[in-house]
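Undergrad: Fold the following and give me the result.
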Amino acid sequence: MTPERLRRINAMLDMRQPDLTVCMEGVHKTHNLAAVVRTADAIGISDVHAVWKNERMRVSGGSAAGSQHWVDVHNYSNTKEAIVELKKQNMQVLVTHLSDTSVDFRDIDYTKPTAIILGQEKFGASEQALAMADQDIVIPMVGMVQSLNVSVANSVVLYEAQRQRKAAGLYDTPRIDEARRQRFLFEGGHPIFAQACQRKGLPYPNIDEEGQIVASDEWWQQMQMTQEAWQQLDN
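TA: Next up, the predicted model:
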């Protein structure tokens, strides 16, 4: 890993916001899935969540949702499971939905741990999501259209969250844990070795301050073994 790439990865990780996230509930169009994850990365979000309504949706949408290597995608088979997990992390759960109790999205305090539910393109958020969310939010519109594209709505809300968090200094101090930093440094700085570890079932080594791999002689020996020899050893 070059010094320039090491600095770039560390600078990105220093601004990650582990307590800000989005949950895509049944979003299935690949361009929307990829756009949501891409925006999350741009904002500094380290995790996104995805609820797949069926196995076909999971298969067709999973690769698009996982297209950004710098964001971890957490998958669920139902909405309740996803929201329960988010609330375990002490997130305030918001849902984009027009109702009698909805508020302007800019009136929310996004410096708190926050998860934003993004409903399915055609039907919006489910009844389960609306029942479990802490607050409905809306993006005011004065034109003829009643809603924005889901990826556009996601961007609008997240950039308001980023604005508030920058003003509060939440981007000034690194907040991502060291284990996760090490994983991203290894996968992003040494992708060939990372793929080999995944293929062989080897643990990731640590990365030093200069971006170099710190590993035992045994690890290097196992890394240098051919796949055929490794399989014979494993058997």
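Undergrad: buried set for stretch 1-12?
TA: For stretch 1-12, burial by neighbour count (16 or more other Cβ atoms under 10 Å) applies to M1, L6, I9, N10, M12. C-beta: built from backbone N, CA, C; applies to glycine.
Undergrad: try stretch 16-30
TA: Applying a neighbour-count criterion of 16+ other Cβ under 10 Å, one finds 16-17, 19-29 buried in stretch 16-30.
Undergrad: Now do the same for the residue most central in space within the chain: its pLDDT.
TA: Nearest to the geometric centre of the chain sits D47, at 2.4 Å (Cα atoms, centre = their mean). The per-residue pLDDT reported for D47 equals 93.
Undergrad: how close does it sit to N75?
TA: 12 Å (Cβ to Cβ, to the nearest Å).
Undergrad: can you pull the contacts of L94?
TA: Residues in contact with L94 (Cβ atoms under 8 Å, 6 or more residues apart in numbering) are F105, I108, T114, A115, I116, I117, A133, D134, Q135, D136, I137.
Undergrad: Point out the ones among those residues that are inside strands.
TA: When the contacts of L94 are checked against strands (DSSP state E), the matches are T114, A115, I116, I117, Q135, D136, I137.
Undergrad: and the protein, what are its domains?
TA: In terms of domains, the chain is parsed into 17-167, 178-234 (source: automatic domain parsing).
Undergrad: Quick check: PyMOL command selecting the buried ones in the contacts of L94.
TA: Of those, the buried ones go into a single PyMOL selection, burial set by 16+ other Cβ under 10 Å:
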select buried, resi 105+108+114+115+116+117+133+135+136+137
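Undergrad: nearest to H190, of the contacts of L94?
TA: The nearest member of those to H190, counting by Cβ to Cβ, is A115 at 32.0 Å.
Undergrad: partner residues bridging that closest one?
TA: T21, V93 (DSSP bridges).
Undergrad: wait, doesn't it sit right on T21?
TA: Yes. With contact defined as Cβ atoms under 8 Å, A115 counts as touching T21 (5.0 Å).
Undergrad: Common neighbours of those two, please.
TA: In contact with both A115 and T21: H49, L86, M91, using Cβ under 8 Å, 6+ apart.
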